[in-house]
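# here's my sequence, what's the structure:
(chains A and B)
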Amino acid sequence: MTPETEDALAQMVVAATGPLRIVGGGTRPVGRSTGAALSLAGMTGITLYEPGALTLVARAGTPLAEIEAALAAENQRLAFEPMDHRVLLGTTGAPTIGGMVAANVSGPRRIAVGACRDFMLGVRFVDGAGQIIKNGGRVMKNVTGYDLVKLMTGSYGTLGVLTEVSLKVMPNVETQVTLVLQGLDDARAVAAMAAAMSSPFEVTGAAHDPAAGRTMLRLEGFAASVDYRAKALAGVLAPFGAVAIEDDATIWAAIRDVAAFADKPGDVWRLSVKPSDAPALVAKAGARGVIYDWAGGLVWLLCDGDLRARLGDFAGHATLVRGTADVPVFQPEPAPIAALAAGLRAKFDPRGIFNPGMMG
Amino acid sequence: MQMPLPNAQVLSRKDQIVTRLADVLPADALMSDVAETRAYECDALTAYRCPPLAVVLPSTTAQVAAVLKICHDMGVPVVPRGAGTSLAGGALPTADCVILGVARMTDVIETNYGDRYIRVQTGRTNLSVTGAVEADGFFYAPDPSSQLACAIAGNIAMNSGGAHCLKYGVTTNNLLGVTIVTMDGTVMEIGGAHLDAGNLDLLGLICGSEGQLGVVTEATLRILPKPEGARPVLMGYDSSEVAGQVVTDIIKAGILPVAIEFMDRPCIEATEAFAKAGYPICEALLIVEVEGSPAEIDAQLALIMDIARRHNPVELREAKDADEAGRIWLGRKSAFGAMGQINDYMCLDGTIPVSALPFVLRRIGEMSKEYGLDVGNVFHAGDGNMHPLILFDANKPGDLELCEAFGADILKLCVEVGGCLTGEHGVGIEKRDLMHVQFAAADLEAQMAVKDVFDPLWLLNAAKVFPLDSSAPRRAA
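You can find the predicted model right below:
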């Protein structure tokens, strides 16, 4: 099924007699879903873009590449730096804006500016009864009614089919550099990243690659400002060793896309924790590969079996992004919270037809 | 403003209810005498008042849970209250309700600079969160203008903003986790010191739900390192169109100021008469502030001044030092007080797309003549959040109603041009009955379905947010 209008999509949902598997570009098959494919490929196009107001509205099936090109033409960007899952998952096709929102996809800059969900201004979606619902809007400050925009973002299509999204976009930057420390152990690297993030120098990326022995900190902005801050930040980092300054922007695309694990077989987990908890958890993980992003708050782990069993009770969440381990893909939640989530799903999708079983 | 009739059965059982509450609270945390509860009869929307059945001031999450469980079991409505600074009537009681105030829950539970968060009880005021960390070079970014008095609990309930959210976002962008107690007394931890949700983003749903989904007793908040410095520039223009174009050009140049404030002529005149800040008397005044090191500030302000000059300002003034910066901000910060000197006023907070500013200001001017009520406009121009201040005389019969009708027309206009009813104050009772203007029945139904899940009996702050006719079947159930 490939509807071309919101109304046609709503009618298909009403007529559905079994589960629907909602598909954007098909590049992020995280989680298990079954059912007849319902593709958003027919609902494309930017419906509004006001560079001076930093706002963009697009139909859910719009390829992300089209959006990024339109933004680049005005020297703007999606500041949360969405990951391209094709690298890690070996998928093909074109990522869509709707898929990105449904999975709340962000990248290294999330630590500084927020996640996809923080840039979401509005949604339109079709619920399980085939009703067209809107929430939020196109303006940056809006507290009118409940924030279903946040609820829909990252709900992996289990509450409704997104048809249109509006986002806050940001100015592009003139230049960027990366400060690199060498040879730090994990705990020391997390401490160095914490020191950088606690400085006033507006670090927009903080990652650590233990295999390469590199701890990386990104600065962005106007050239003179970046020069000034690079010197100042190097001073902050001096206690952690010699600081090299690199200007290769592909460093951050590789971290964003977890390129280090792309050609390595095995399951890949995404762990979100308090940064200072990360090294001790990694020590328990038994992983063959580790990448720290978000100053240590996001850890990518290449490891097989039940990671959660090895970690024990921990504060945060682990998602099985790639692999076939016989464990829940999304972090199981305490009973009262799981009951709220189940209650919401029952309200928004009473027949349980949207990506059933996807998130539990 | 219509409120639902109090539940007579609840009123008749007042003594029983108070007795049950006394079992779980210290004596000084429970008030049921009208002389004591009168202090809680309204919030900052003082035109509407109603003494509650009782007031409880718990100091722990366990006490909050015990109170809610009793009220749930006895079918008693509960209205949560932070510091009572809501301009939208978010904490207005009903006669049959228990006011649950968190004002005694002010502890800092944990401060962690390495991971950059603070965990507090939610009765703590916004400014004292920053106060707890500023000696160590950190701050909490959301800065509603009531920040000296308003509580984090209310900030979370209303998803409060402030003047600096163009750069730092609003409450929801700076909230990492909460302890929430649902109406049946269940205590839950949602989020924490880590980022983003592992499943549905319930934290994002709770923030801004106006105390209708649960009572938030503790919060983990993002703290940020203080910038090295900040400095404003002031510019005056002879039309709001031109001022709007200046804002657009600054943003398109890739500069992200921390604040862009706009004032129109009536507001400038009132402010000058009151605070004598030395503002130019013109159609539109902008204050643009940037942050960074002294050299970075110089560089950004140079770009901004260039853009400003291209549009022929009637005045252009760059702060050279803290003293001049203070004088530039003086008028803006006194604007509400200045308007209050002239008369009573009602402050609206609809948001519009920035491009619609000239049209909206012109229409507000026309409506001002039609209604015969003066209005001044203060505006967070970077994010489109307007603050029209309508002047009226509370002692003149019919003036409040006239002012409310004018306000409703302005908010309808905000929605018509692609904006919304409220950018940071919340719906409360004030904009409740205008929700139909912005939302279709199905949109409201989807929101009310969320409340069905968290509070199936609709006991928590139930007469707010949704038009009474929309929520009536649920509240009666």
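# name the residues that touch stretch B:68-79?
Outside stretch B:68-79, the residues within contact range by C-beta atoms under 8 Å, 6 or more residues apart in numbering or on different chains are B:7, B:9-10, B:13, B:16-17, B:20-21, B:24, B:52-53, B:67, B:91-94, B:96-100, B:181-185, B:211, B:215, B:457, B:459-462. (Each C-beta comes from the backbone N, C-alpha and C, glycine too.)
# meant to ask about stretch B:388-406, not that
B:47, B:267, B:335-336, B:339, B:342-348, B:350, B:364, B:367-368, B:371-378, B:407, B:410.
# show me where the stretch 201-350 of chain B has its helices.
Using DSSP state H, counting those that start in this stretch, the helices of the stretch 201-350 of chain B run over residues B:202-206, B:240-252, B:265-275, B:294-310, B:322-342.
# isn't B:Ala95 up against B:Ala54?
No. Using C-beta atoms under 8 Å, B:Ala95 is not in contact with B:Ala54; the gap is 11.0 Å.
# quick check: phi and psi at B:Val187.
phi -100, psi 130 (degrees, to the nearest 10).
# how many neighbouring residues does the residue in the stretch 51-200 of chain A that chain B sits nearest to have?
Nearest residue of the stretch 51-200 of chain A to chain B, counting by C-beta to the nearest C-beta: A:Lys150, 2.5 Å away. A:Lys150 is flanked by 28 other residues according to other C-beta atoms under 10 Å in any protein chain shown.
# please give me every residue in contact with the closest residue to it other than its chain neighbours.
What sits nearest to A:Lys150 in space, not counting adjacent residues and going by C-beta to C-beta, 6 or more residues apart in numbering or on different chains, is B:Gly204, at 2.5 Å. Counting by C-beta under 8 Å, 6+ apart, B:Gly204 touches A:117, A:147, A:149-151, A:153, B:172, B:197.
# how's the chain carved up into domains?
Reading this off chain A. Chain A is divided into the following domains under automatic domain parsing: A:6-171, A:175-256.
# that's the wrong chain, I meant chain B
For chain B, automatic domain parsing gives the domain ranges B:8-103, B:108-225, B:230-416.
# mean pLDDT for those: which is lowest?
The minimum mean pLDDT among the domains of chain B belongs to domain B:230-416 (a mean of 93).
# ends of that domain, what's the gap?
36 Å (C-alpha to C-alpha, to the nearest Å).
# tabulate the contacts of B:Gly204 (CSV), appending distance to B:Pro388.
Output for those, formatted as CSV (distance: C-beta to C-beta, whole Å):
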residue, distance to B:Pro388
A:Arg117, 30
A:Asp147, 24
A:Val149, 26
A:Lys150, 28
A:Leu151, 31
A:Thr153, 31
B:Thr172, 25
B:Ala197, 36
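# what's the closest of those residues to A:Met170?
Closest approach to A:Met170 among those (C-beta to C-beta): A:Arg117, at 15.1 Å.
# need the residues of the stretch 201-350 of chain B near chain A, please.
B:201-205, B:207-209, B:225-228, B:247-249, B:251-256, B:292-293, B:295-296, B:299-300 (C-beta under 8 Å from any C-beta of the partner chain).
# filter those to the buried ones?
When these are checked for burial by 16 or more other C-beta atoms under 10 Å in any protein chain shown, the buried set is B:201-205, B:207-209, B:225-228, B:247-249, B:251-252, B:254-256, B:292-293, B:296, B:299-300.
# please report how far the most centrally placed residue in chain A lies from B:Gly169.
Geometric centre of chain A, nearest residue: A:Val105, 2.1 Å, by C-alpha atoms, centre = their mean. Using C-beta to C-beta, to the nearest Å, A:Val105 is found at 19 Å from B:Gly169.
# again, but for A:Leu320
Taking C-beta to C-beta, one finds A:Leu320 at 30 Å from B:Gly169.
# and B:Gly376, by the same measure?
On the measure of C-beta to C-beta, B:Gly376 and B:Gly169 end up 27 Å apart.
# so these two - more neighbours on which side?
For the pair B:Gly376 and B:Gly169, the greater number of neighbours falls to B:Gly376 (26 against 23), based on other C-beta under 10 Å.
# tell me the secondary structure for the more buried one?
Secondary structure for B:Gly376, judged by DSSP: H, G, I helix; E, B strand; the rest coil, is strand.
# quick one: it and B:Phe336 touch, right?
No. Between B:Gly376 and B:Phe336 there is no contact under C-beta under 8 Å: 9.6 Å.
# what residues does the stretch 201-350 of chain A have near chain B?
Residues of the stretch 201-350 of chain A lying near chain B (C-beta under 8 Å from any C-beta): A:222, A:224-225, A:228-229, A:232, A:272-276, A:294, A:297-298, A:315-319, A:330-331, A:333-334, A:336-337, A:340-341, A:343-344, A:347-348.
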